[in-house]
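Novice: sequence and predicted model, in that order:
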Amino acid sequence: MLQQIINGLALGGVYALIAIGWTVVFGIVGLINWTHGEVFMIGAFAGYLVITTYHVNFFVALVVAMFFGGLVAYLIERLAYRPLRTGPKLALFITALGASIFIRNLAAIIWEPQSRAYPATFEASVMTWQLGSTVLTINTLQIMIFAVTLVIMAFLQWFITRTMMGKAMLAASQDLEAVSLMGVDVNHLITITFWVSGMLGGAAGVLVGVLYAIDPMMGAMAGLKGWAVAVLGGVGSISGAMVAGLLLGVIENISTTFISSGYRDAIAFVIMIATLVIKPTGLMGFKFEDKV
Amino acid sequence: MAKPALQFAQNLAHKPATAIILIAVLLGFTFIDSLDLTEEYIFGAYAKHILFISLIYSVVTLSLNFVTGYVGQTSLGHAAFFGLGGYVSALTTSLLHLPYGVAFILSGLVAALVGLPLGAPALRIKGPFLVVVTYGCGEVFKFIAINLDITGGPAGLPGLISPTLGIAFSDIGVTGKEAFIVAALILALVLAFIMYRLEDSRVGHAFAAIRQDEIAAASMGINPAYYKLMAFVFGAFFAGLAGSLFAHYMSFISPDMLSSNESIMMLTMVVIGGARSIPGAFLGAFLLTITPEFLRFVKDVFGLSYDPWLVLFGLLLVVMMRVKPQGLLGAETVFRR
Amino acid sequence: MLLQVEKLCKNFGGLKAVQNIDFSIDSGEIVAIIGPNGSGKTTFFNVISGILPVSSGGIFFRGQDVTSWKAHDMAKVGLTRTFQNIRLFPELSVRDNLIIGRYSKNSSGALDGIFHSKRLRLEEQSNEQVVNEILEFTGLASMRNVLATNLPYGAQRRLEIARALASEPSLLLLDEPAAGMNPKEVDQLLALIRALKQRGLTILLIEHQMRLVMGIAERMVVFDHGEKIAEGEPAVIRCDPKVIEAYIGTEVNECVGN
Ligand SMILES: Nc1ncnc2c1ncn2[C@@H]1O[C@H](COP(=O)(O)OP(=O)(O)OP(=O)(O)O)[C@@H](O)[C@H]1O
Ligand SMILES: [Mg+2]
C-alpha cells in the first residue's frame, strides 16, 4: 500500500502540472482547451529530439520543451482562438477540437506514429528500504521527477502571488471583465496565460517522457486526465489541482492493485463524473453561477 | 460566387421536391443492378457500402441533434448509445436467440433507458463541464466493453446474424447490402419526419426556449429538466436503433464502435451540416463519410505514405468555425405557422 | 389572499439578501415594491417565482403551500414574471416569443406534435387568437415578425410584459419595467399598466423611482437591506421618516414640497 502511494506520487505530480495548465486557461478564457494534450505531446517530442540530436542533459531538454510548449500554446491561441473569442462557445470548442486533431495527426505524419523511449539521461538507481515486514523500493528517477514538479510549482506559486502579471491572472480567473475594466490589457494577459499553460504542459511532457514511451497520440489520454484532475481540484483553483493530481496518481496506483488494471484509465473519468455530479465545485473551486 | 451558390443549395435543400428526387435517385442506384442491365455492376458493393454508412450516420447525426441541436447541450458521448444499441442487438440475437425485430426494438429501448441516467448530469452540469462528462461516460462504456467477457473483450463479438424483418435481408438485391440501405433510409426518413413535426409543436417550442434562455423558459412554465431528459432519451433511442442496424450489417461488433473518436465525428457532423437543420444532418453525415474514402483513394493514387484525412479534417473544423460557425445549412429556427 | 409570504429569508452565503419578509397581495390589487439598490427586491421576486430556493419561511399561493415549488410549477398556477435585465428568447420573433408564453396554457406533448393531433391544432388556433390580441393590446402588432434581439430597447421591455400576459397570469410580477426607458416610453408603459388594472389583473411591481408608481399603486412596500421597513398607501409612505432615511434625500424634496 505504501509502495503504491510512493509510485503514485511521481505520476500524480505530472498530472497536477497538466491540470494546472488546463485550469489557468479555463479560469481566464472559459474554454476547455482541448489542445492542451497536444501541447504536452509537443513538449515530450521537443525534449526527445534535443536529447537524441544534441545529446544535451535532462535539464536543458526540460527548458527547451517548456519553450516549445509555450510557443505552440501561444500560436494556437493567436491563430485559432483569438478570432473567435467573442463568438459562440460551441464554435470555440469545435475549433479547439479541430486544432487538436490537426496537431496530433500532423505530428503522426512528421514523426511517424510508432512509440519511442527517451535515451537514458541519468544513471537511475533503485533504493530499497526495509520497513517492518514490507520492502519499499524507490527509483531515483521518481524522486527526481517529483522534485522537479515541486520546483516548478513553487515557481508558479511565486509568479502568481508575487508578480503583477501573476496577480492579474489570478484576479482575471475570477472576473475577467472586472480586470479589464481596471485597465489591464486583456490580450496581453491571455497571451501570458497561454504561455504559462503551454510551459507547464511542455514540462509535463518531458517528465512523462523519461518515465514512459512517447508517441504522437499520447496527448489524448494525458490531456483528459489533466482535465479530470482540474475538475476534481475545482476548476480555476491551482492549489486544488496540485492536491487532486497527487490524489489521482495515488488512487490509480492503488486501484490497479486492488481492482483490475483494465480499468486503470477509466478511474480518472469515474472520479471526474462523480465530482461534477456530487460536488461541481470540486475540492477547492469556486462556483460559476448564472446571474438572474 | 460562393455565396449565391451556397444560398441556392440551401434553398434547394429545404424543398420537399428535392428530398423526393434525392430519395428516388438513391433507390434507383441501389436497385439498378438488380435489373441485370449490364455485365458489371454499375453501382457496386463498395459504393453501396459507402451509401449505407452515410445513411446510418445520417440517422446518428439527426439523433444527436436532439441533444446538441434542440436543447443546445454539447455531447461528446453519443457513440456510447450507438455502440450500446449494437451490443444489445448482438447479445439478444446470439445469446437469447430472439428474432432480429425484437433485438432491433430492444437496442433502441435499452439505449434510451441508459440515456436517462446519463442525461441526468445534464440537469445539474452546464456547458463545458457537460462536454467532458458525456465524453467520460463514453470512455467508461468503452472500458466496460473491453473488460467484460460477455461483450467479447477488446476483440468484440463476431458472427452476428443477418437480419430478417418479414423477409431476410440477404434475399434482397444483388450484393446483399440493398436491404440494409433501404432499412437505414426508412429509419432516417422516419426520424427526419418526426423531427420536422416536433420542431413546430409545443415540444419543439419548449426546446427552443430552453436553448435560448433556460431561466426565462422555466418562468414560462417549461420544465427544463423534463425536456433535457426527453432530448437525451430520444437521441439515445434512435442512436441505439442505428447501432443495431450497423452492427448486423458489419456482422461483428467491437469496442471501437463506442470510441470517443466516433463521438467526436458525430458531433462534427452535426456542426458542419448545421445544428437543427434536417438536410444539414444528412449533408454533414454524407460529407464526412465520403471525404475520407475519397482521400484514401487520393492517397493510393499519389502513393502517399500517410493518410491525409485526419489532418485535413482538423484544419477543416478550424476553418469552418472561422468562416461559417453555424454550419453549411444551419439557421435559427422560426416556428412555421 | 392570492399570494401570502411568511417570514421569508434568502441568504447568499453570509449575505442576507431578504430577511423575514411578511407580505400578502389580494386579487385585483396593484402593489409596488420600492427600495434602494441592492435592497433585495429582485431577490424577493426570484424566490417567490421559484427561481431561487428559499432559505427559510413560507410561500402560499391561493392558500396552497408552494414554498418548495420550482419556477415552472409557479408559472403553471398563474404566477408569471418579467426580468429586470430583459430575458427574451433573442433568436425568436416577437410572435414566437408570445407562443412560448402560451406554453403553460397548453398541454399537447410529443405524440400530438408528431401526429399533428386535433388537440394540437385546437391549441394552435386559440394561441394565434390570444397572441394577436395581446400584440394589438401592447402595441407590438407591427413588429410581429421581428426577432426579439433586433427590437428597440423599449419594445423589448414591452415584449417581456406581452410574453408574460400570453400565459394569462393571475398574478403578474414586473421587475423594474420602466428601467432605461425614455419619458415617452414610460408614459406608454404606465398607460399599459392602467389598462391591465382595468382588466382586473393582479400586479406586483418593483420600481426604483417612487414617483413613477405614485399614480398606479394602491399600496407600497419599502425594502431596505433585505428588510421590509414600511408598508402602506403611497401618500403616507412617501413621508415616512424611515423611508426618507433609506433613500438618503433622493426623494425628500418632493415630500417637503408637498
Ligand atoms: N445570485 C446571487 N448570488 C449572490 N448574491 C446575490 C445574488 N443575487 C443578488 N445578490 C445580492 O443580493 C443583494 C440584493 O440584490 P437584489 O438584486 O435583490 O437587489 P435589488 O433590490 O433588486 O437591487 P436593484 O435595485 O439594483 O435591482 C445584493 O447585495 C446582491 O449583490
Ligand atoms: Mg433588482
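Specialist: Alright, I've got the coordinates. Worth saying up front: this structure is predicted, and the values here are computed from it rather than measured. Ligands and ions are numbered 1, 2, ... in the order given.
Novice: need the nearest residue in space to whatever residue of chain B ends up closest to chain C, chain neighbours excluded.
Specialist: Closest contact between chain B and chain C, by CB to the nearest CB, is at residue B:201 (2.6 Å). Where you see a C-beta, it was placed from the backbone N, CA and C, and this is true even at glycine. Spatial nearest neighbour of residue B:201, excluding adjacent residues (CB to CB, 6 or more residues apart in numbering or on different chains): residue C:113 at 2.6 Å.
Novice: correct me, but that neighbour touches residue B:196?
Specialist: No: the criterion here is CB atoms under 8 Å, and residue C:113 misses it with residue B:196 at 10.0 Å.
Novice: got the contact list for the closest residue to residue C:146 other than its chain neighbours?
Specialist: Of all residues not flanking residue C:146 in the chain, residue C:94 sits nearest, at 5.6 Å (CB to CB, 6+ apart). Contacts for residue C:94 (CB atoms under 8 Å, 6 or more residues apart in numbering or on different chains) come out as C:135, C:140, C:143-146, C:148, C:151, C:159, C:162.
Novice: and residue C:94, how far is that from residue C:143?
Specialist: 5 Å (CB to CB, to the nearest Å).
Novice: ok, now residue A:25?
Specialist: With distances taken as CB to CB, residue A:25 is found 42 Å from residue C:143.
Novice: more neighbours: which of the two?
Specialist: The neighbour comparison of residue A:25 against residue C:143 (other CB atoms under 10 Å in any protein chain shown) goes to residue A:25, with 27 against 19.
Novice: and the more buried one, what helix or strand is that in?
Specialist: Using DSSP states H and E, residue A:25 sits in helix A:2-29.
Novice: could you identify the helix or strand that succeeds that helix?
Specialist: Following helix A:2-29 toward the C-terminus (DSSP H and E): helix A:36-54.
Novice: quick one: low-confidence ranges for chain C?
Specialist: Chain C contains residues with pLDDT under 70 at C:248-258.
Novice: which residues of it lie near ligand 1?
Specialist: When proximity is defined as CB under 6 Å from any ligand atom, chain C approaches ligand 1 at C:12, C:15, C:17, C:35, C:37-43, C:84, C:208.
Novice: which of those fall in helices?
Specialist: Secondary structure assignment by DSSP state H places C:41-43 of the residues of chain C next to ligand 1 in helices.
Novice: who touches stretch A:130-150?
Specialist: A:2-3, A:6-7, A:9-10, A:13-14, A:16-17, A:62, A:122, A:124-129, A:203, A:207, A:210-211.
Novice: only whichever of these are buried, select them in PyMOL.
Specialist: A single PyMOL command selects the buried members of the contacts of stretch A:130-150 (16 or more other CB atoms under 10 Å in any protein chain shown):
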select buried, chain A and resi 6+7+9+10+13+14+16+17+62+203+207+210+211
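Novice: what touches both of residue C:94 and residue C:143?
Specialist: In contact with both residue C:94 and residue C:143: residue C:151, using CB under 8 Å, 6+ apart.
Novice: for the strand or helix carrying residue B:7, which positions count as buried?
Specialist: Element membership for residue B:7 (DSSP H and E) is helix B:2-13. If you call a residue buried by 16+ other CB under 10 Å, then helix B:2-13 has these buried ones: B:10, B:13.
Novice: pull the distance from it to the chain's centre.
Specialist: Put simply, helix B:2-13 sits 24 Å off its chain's centre (CA atoms, centre = their mean, to the nearest Å).
Novice: helices or strands up against it?
Specialist: Packing partners of helix B:2-13 (3 or more CB pairs under 8 Å, 6 or more residues apart in numbering or on different chains; DSSP states H and E): helix B:278-302.
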